[in-house]
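Trainee: got a predicted model here, sequence first, then my questions.
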Amino acid sequence: MKLSLLLLFFVIVSCTSKTPPLDNLSIMSGKQLAFTREKGNCLACHVIEGGESPGNIGPPLHAIQTRFESKQQLRQQIWDATQFNPNSSMPPYGKNKILTEQEIDKVVDFIWQLP
């Protein structure tokens, strides 16, 4: 009995230690969405560290926490930037259903942690 419990413990620990934490999964998914030309396409307008062929229409996406008070404020900007600036060239990703709510959350997680 003790041996089987010990074995079960080691199996659980080894399986969970190989899986990145949920936050890291969300960040990695958000990065993929932000860099994918067919989906988020943030690179079309923004310089992002590690991104190839970035645009320069929008501001560089770094130190984002100095420009937004909270992740929620950043999320609102991505959901529909025209609510803050009617002349914004940034697509309203949520309002126009370009990204799902979950995809927006992942992009926010990625952008929020950028140095």
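Mentor: Nice, I can see it. Residues are numbered from 1 along each chain as shown.

Trainee: residue 88 sits in which helix or strand?
Mentor: For residue 88, there is no host helix or strand (DSSP states H and E).

Trainee: scratch that, residue 106
Mentor: Counting by DSSP H and E, the element that carries residue 106 is helix 101-112.

Trainee: what's in contact with that helix?
Mentor: By C-beta atoms under 8 Å, 6 or more residues apart in numbering, the surrounding residues in contact with helix 101-112 are 23, 26-31, 33-34, 39-40, 42, 61, 64-65, 71, 74-75, 78-79, 93-94, 99. From N, CA and C alone the C-beta is placed, and that goes for glycine too.

Trainee: can you give the distance of that helix from its chain's centre?
Mentor: Mean-position distance between helix 101-112 and its chain equals 3 Å (C-alpha atoms, centre = their mean, to the nearest Å).

Trainee: report the buried residues of it.
Mentor: Neighbour counts over helix 101-112 (16 or more other C-beta atoms under 10 Å) mark 103, 104, 105, 106, 107, 108, 109, 110, 111, 112 as buried.

Trainee: quick one: which of the residues you listed is nearest to residue 50?
Mentor: When the buried residues of helix 101-112 are ranked by distance to residue 50 (C-beta to C-beta), residue 110 comes first, at 10.8 Å.

Trainee: per-residue confidence at that closest one?
Mentor: Taken from the predicted model, the pLDDT recorded for residue 110 is 96.

Trainee: which one of the buried residues of helix 101-112 is nearest residue 57?
Mentor: When the buried residues of helix 101-112 are compared for distance to residue 57 (C-beta to C-beta), residue 111 wins out at 16.2 Å.

Trainee: buried ones in stretch 83-99?
Mentor: Taking 16+ other C-beta under 10 Å as the neighbour-count basis, stretch 83-99 is seen to contain the buried residues 90, 91, 93, 94, 99.

Trainee: which ones are touching residue 93?
Mentor: Applying C-beta under 8 Å, 6+ apart, we find residue 93 in contact with 40, 78, 79, 80, 99, 104, 107.
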